[in-house]
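K.L.:
Turn this into a model:
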Amino acid sequence: MSFFKKIFSSEKKETLDKGLEKSKSSFLGKLSKAVAGKSKVDDEVLDNLEEILVSSDVGVNTTLKIIERIEARVAKDKYLGTEELNVILREEIAGLLSETNSGEETEYTIPAGKKPYVLMVVGVNGVGKTTTIGKLAYQFKKQGLNVVLGAADTFRAAAIEQLQVWADRVDVPMVRQDMGSDPASVAFDALQSGVNQNADVIIIDTAGRLHNKVNLMNELTKVKRVMQKVIADAPHDVLLVLDGSTGQNAFEQAKQFTAATEVTSLAVTKLDGTAKGGVVIGISDQFKIPVKYIGVGEGIEDLQVFNKYEFVDSFFK
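P.N.:
Numbering: from 1, shown residues only. Sure thing, here's the model as predicted:
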């Protein structure tokens, strides 16, 4: 397909290639063993491929979709050589991702006509939520946008302090209250402050607890309702941050949060140093929520806007 002939930005692509190295090596290593000695894609190759996709944390349901697509190609083309399998996998997985992700974004953007643009960030503790917020603030500020952070995860003093470290590092204002304060009150103050400061983007951190869905739902619903007293259509985006290195646990977290609140986009972090990069494909497909950002390193520049073509190219390169 012609989209794999695109010329990607070299520096970003190199970081992505490096970040997905373990996932790619694990997957392609298993794939080469599966087709060893085979000249064409037959039932045995497809069975082996199914096992490889599942073990790469693509997920059972998404794996079955991919296998069905390849079976259709085999039936249509009558004879399919194993040397073509890698190319076909790239095409079919990119096609699958196309159903959820528009996919060609390369820059951090916010929709025109939404000022301030309110981004509420959710996710359990430890997934890289606060780091993601800090890196987003850096990227938006680098574009010349005015950013305000709101520390509405008031249940852990460490969460407030960690966000403050990022606010200081990026040099953006942060609205905070004492630990144990009402999260909705912090969100309200952050939006009012953002409006008063003519902010372009307001990013609200929320508590990373999943003790039970009812409390989580009530809390997030209250935060949204209170924000809407300041900006009627806030939040404009609810970003769920997931730790890609946890594989199937990330699926479970996505299930819990999408049941508790209306998640509109995803960030999948910690893809560097793990062989579980396939989880991005499965989560995007199963939850029909676009993956907006991926984390492929610890550096401040290593949170990337997700581009499905770049991702698939790096995964199967």
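
K.L.:
in a helix, that's where residue 230 is, yeah?
P.N.:
No - assigned with DSSP: H, G, I helix; E, B strand; the rest coil, residue 230 falls outside any helix and is coil.

K.L.:
Return the per-residue confidence for the closest residue in space to it that isn't next to it in sequence.
P.N.:
Nearest non-adjacent residue to residue 230, counting by CB to CB, 6 or more residues apart in numbering: residue 191, 4.0 Å away. C-beta here means a position set from N, CA and C on the backbone, and glycine is covered the same way. With respect to pLDDT, residue 191 scores 98.

K.L.:
Which residues outside the one helix or strand residue 191 maps to are in contact with it?
P.N.:
Secondary-structure assignment from DSSP states H and E places residue 191 in helix 183-196. By CB atoms under 8 Å, 6 or more residues apart in numbering, the residues outside helix 183-196 that reach it are 116, 118, 120, 148-154, 173, 175-177, 199, 202, 204, 206-207, 219, 222-223, 225-227, 229-231, 234.

K.L.:
what pairs with the next helix or strand after that helix, and is each one parallel or antiparallel?
P.N.:
Going down the chain from helix 183-196, the next helix or strand is strand 201-205, by DSSP H and E. Using DSSP bridges, the strands paired with strand 201-205 are strand 117-122 (parallel), strand 147-151 (parallel).

K.L.:
about what we covered before: the residue nearest to residue 230: how many residues sit nearby?
P.N.:
26 (other CB atoms under 10 Å).

K.L.:
any idea how far it lies from residue 49?
P.N.:
49 Å (CB to CB, to the nearest Å).

K.L.:
For the most centrally placed residue in the chain, list each beta-bridge partner.
P.N.:
Here the mean C-alpha position of the chain is nearest to the C-alpha of residue 267 (CA atoms, centre = their mean), at a distance of 2.3 Å. Residue 267 forms beta bridges with residue 241, residue 293, as assigned by DSSP bridges.

K.L.:
quick one: low-confidence parts of this protein?
P.N.:
1-9, 78-79, 102-106, 210-214 (pLDDT under 70).

K.L.:
Can you check which helix is longest in it?
P.N.:
When the chain is parsed with DSSP state H, its longest helix is helix 60-77.

K.L.:
re earlier: could you turn the buried ones of the contacts of helix 183-196 into a PyMOL selection?
P.N.:
Selection of buried members from the contacts of helix 183-196 for PyMOL, criterion 16 or more other CB atoms under 10 Å:
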select buried, resi 116+118+120+148+149+150+151+152+153+154+175+176+177+199+202+204+206+207+219+223+226+227+230+231+234
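
K.L.:
Please enumerate residues in contact with stretch 62-73?
P.N.:
With CB under 8 Å, 6+ apart, stretch 62-73 has contacts from 41, 46, 49-50, 53-54, 58, 80, 85, 88-89, 92-93, 95-96, 281-282, 285-286.

K.L.:
List only buried entries from those residues.
P.N.:
Counted by 16+ other CB under 10 Å, these give 41, 46, 49-50, 53-54, 58, 80, 85, 88-89, 92-93, 96, 281-282, 285-286 as buried.

K.L.:
Can you tell me the closest non-neighbouring residue to residue 157?
P.N.:
residue 179 (4.4 Å).

K.L.:
how much space between the one you found and residue 159?
P.N.:
Residue 179 is 9 Å from residue 159, by CB to CB.

K.L.:
between those two, which one's more packed in?
P.N.:
Taking neighbours as other CB under 10 Å, residue 179 and residue 159 compare with residue 159 leading, 21 against 15.

K.L.:
quick one on the thing from earlier: now do the contacts for the residue nearest to residue 157.
P.N.:
154-157, 160.

K.L.:
Would you mind measuring from it to residue 215?
P.N.:
18 Å.

K.L.:
where along the stretch 201-317 of the chain do the strands fall?
P.N.:
201-205, 237-243, 265-269, 291-295, 303-305 (DSSP state E, counting those that start in this stretch).

K.L.:
Can you show me the CA trace of the first one as PDB?
P.N.:
So that's strand 201-205. This file holds the C-alpha atoms of strand 201-205, laid out as PDB (Å, rounded to 0.1, in the frame of the first residue of the first chain):
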ATOM      1  CA  VAL A 201      -5.200  24.700  27.200                       C
ATOM      2  CA  ILE A 202      -6.200  23.500  30.700                       C
ATOM      3  CA  ILE A 203      -5.100  20.000  31.700                       C
ATOM      4  CA  ILE A 204      -6.800  18.500  34.700                       C
ATOM      5  CA  ASP A 205      -5.200  15.600  36.600                       C
END
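
K.L.:
Residues contacting it, please?
P.N.:
With CB under 8 Å, 6+ apart as the criterion, strand 201-205 contacts 110, 116-121, 129-130, 133, 136-137, 140, 145-153, 159, 163, 187, 190-191, 194, 223, 227, 235.
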